[in-house]
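Asks: My questions concern the predicted model and sequence given below.
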Amino acid sequence: MPRRHRSRTALTCGAAGVVLIATCAAAAPADDPGDEGDLAGKTAQQISDDALHALLGAQSLRLRTASSTDATKLDLTLDRAGNCAGNVSKGPQGRVDLIKRGKDVWLKPDAAFWKSQLPGDEGTTAARNYEGRFLHGTTDDAFLQSIATACDLTAFQKSVAPQSPAPQDPSSPATSAVTLSKGRPTTHEGTRVLPVVKKVGDATQTVYVAIQGTHYPLKLTTQVDGESSTVLLSNYDRPVPAHTPPPGQTADISVLEGGVHSA
């Protein structure tokens, strides 16, 4: 039904698209090594490869996303087993807390979300009736399954792995040159990082790689045509919080069927 479609569609989210620097590129001069640690003797391509390898080996991590073109923001801790915990924010249209353990999924929309998705008094009534409560179901529900795709770390890792390039059509225009360069060491959320900058035409992508310990990618920024996006990666290999809402704080996902009604 129409209202069901609106509510469910608004909640759907997938893992953020991230493309780490994985292609060979023309060499670019590096800045003064400064405090690059053991990255000082490596090229930008080698550092990029190290960061990608570290990301692909992670068993769990925290993913945060933001974009200048979309109010939706993700803040999720997820693992290879498909578990996750965190939230999806849609700016003025509200926020939904999300928990997944195995096949079970819990959603907790805030009042702003209910009011933005249901007309007039229906949104206000739903916000009041389900305040502080989670909607619960399993991935057997197609709607919850579509949301649960955001919780799959393995799928996210596959999405950033380098793909074999398609054969170049001799008649097609030449592609823009790709260059990689090392930036100057800086600090990101208290950790020293080394930027690796990729430029392709008008697009600039910067990956901030941890200097000490495992060379994880911690931040990725992309700028193109005046638009920007940011992906933050942290809490590598820390377990996803295992707490799930007790039955007294949940309502069955079926309350969305045909619109929300009083609990």
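Replies: Yep, it's here.

Asks: Stretch 109-123: end-to-end distance?
Replies: 11 Å (C-alpha to C-alpha, to the nearest Å).

Asks: Mind listing what's buried along that stretch?
Replies: By 16 or more other C-beta atoms under 10 Å, the buried positions in stretch 109-123 come out as Pro109, Asp110, Ala111, Ala112, Phe113, Trp114, Lys115, Ser116, Gln117, Leu118, Glu122, Gly123. In short, each C-beta sits where N, CA and C put it, glycine included.

Asks: and that stretch, how far out from the chain's middle?
Replies: Centroid separation for stretch 109-123 versus its chain: 25 Å, with C-alpha atoms, centre = their mean, to the nearest Å.

Asks: per-residue confidence averaged over it?
Replies: Per-residue pLDDT over stretch 109-123 has a mean of 90.

Asks: list the contacts for Cys151?
Replies: Leu76, Leu78, Gly82, Asn83, Cys84, Leu98, Lys100 (C-beta atoms under 8 Å, 6 or more residues apart in numbering).

Asks: Least confident of these?
Replies: Gly82 (93).

Asks: which ones are touching it?
Replies: Contact analysis of Gly82 by C-beta under 8 Å, 6+ apart lists Lys100, Gly102, Ala148, Cys151, Asp152, Leu153, Thr154.

Asks: and the nearest residue to Lys73 once chain neighbours are set aside, how many neighbours?
Replies: Computed as C-beta to C-beta, 6 or more residues apart in numbering, the closest residue to Lys73 that is not its neighbour in sequence is Ser89, at 4.5 Å. Ser89 has 19 neighbouring residues, counting by other C-beta atoms under 10 Å.

Asks: Buried members of the contacts of Cys151 into PyMOL, please.
Replies: This is how PyMOL selects the buried members of these, with burial counted by 16+ other C-beta under 10 Å:
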select buried, resi 76+78+82+83+84+98+100
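
Asks: Okay, and which of the contacts of Cys151 map to strands?
Replies: Leu76, Leu78, Cys84, Leu98, Lys100 (DSSP state E).

Asks: list the helices and strands the helix or strand Gln46 falls within packs on?
Replies: Gln46 is located in helix 44-56, with elements delineated by DSSP states H and E. The contact analysis (3 or more C-beta pairs under 8 Å, 6 or more residues apart in numbering; DSSP states H and E) places helix 44-56 against helix 153-160, strand 178-182, strand 191-200, strand 203-210, strand 217-224.

Asks: Show the low-confidence segments of the stretch 101-250 of the chain, by residue range.
Replies: For the stretch 101-250 of the chain, applying pLDDT under 70 flags the ranges 163-176.

Asks: hmm, 90 instead?
Replies: Applying pLDDT under 90 to the stretch 101-250 of the chain picks out residues 114, 117-120, 122, 126, 132, 142-150, 152, 159-178, 247-248.

Asks: that older thread, among the contacts of Gly82, the buried ones, what's the ChimeraX command?
Replies: To isolate the buried members of those in ChimeraX, using 16+ other C-beta under 10 Å:
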select :100,148,151,152,153
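
Asks: For the contacts of Gly82, give me TSV that also has distance to Pro195.
Replies: Compiled in TSV, the contacts of Gly82 are given as follows (distance: C-beta to C-beta, whole Å):
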residue	distance to Pro195
Lys100	33
Gly102	39
Ala148	34
Cys151	29
Asp152	29
Leu153	25
Thr154	28
